[in-house]
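>>> Coordinates only, no sequence provided:
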């Protein structure tokens, strides 16, 4: 009988140790998962920020390339001298030395 009680006590002790071990590993696993989720979440957030910045840069590059093509087309449309003359007249209001400007109001 005494042996039977010791066996039951040993089983209870082993069960308590096993339960504590399972609780410890479960808690450790949950903490690790939370830590991992925090790190991954931060990395995903940073990745999204970089992706958004890259998209903005791509849009700006596209706009600048389009503007460059427009300017090149404008330059090649006329000869260089004609382009310069037209630009000086339209944008800067220049006139040729032998021209007379009449301002009508």
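Thanks, I have it. Quantities reported herein were computed from a predicted structural model and do not represent experimental measurements.

>>> Tell me the gap between the longest helix seen in the chain and the middle of its chain.
Criterion DSSP state H: the longest helix present in the chain is helix 2-77. Relative to its chain's centre, helix 2-77 lies at 16 Å (CA atoms, centre = their mean, to the nearest Å).

>>> So for residue 5, what's the pLDDT?
Looking at residue 5, its pLDDT is 63.

>>> I meant residue 90, not that one.
pLDDT at residue 90 comes out at 87.

>>> now for the helix or strand in which it is found, which elements pack on it?
Assigning secondary structure by DSSP states H and E places residue 90 in helix 80-92. Helices and strands touching helix 80-92, as assessed by 3 or more CB pairs under 8 Å, 6 or more residues apart in numbering; DSSP states H and E, comprise helix 2-77. For every residue, glycine as well, the C-beta is placed using N, CA and C.

>>> list the contacts for residue 77?
residue 83 (CB atoms under 8 Å, 6 or more residues apart in numbering).

>>> 7 Å instead?
Going by CB atoms under 7 Å, 6 or more residues apart in numbering, residue 77 touches no other residue.

>>> from here on, count from 40
Yes, from this point I'll number from 40; that puts the last item at residue 116.

>>> and it, how far is that from residue 92?
36 Å (CB to CB, to the nearest Å).

>>> swap in residue 139?
Taken as CB to CB, the span from residue 139 to residue 92 is 56 Å.

>>> Equivalent analysis for residue 143, please.
Where residue 92 is concerned, residue 143 sits at a distance of 53 Å (CB to CB).
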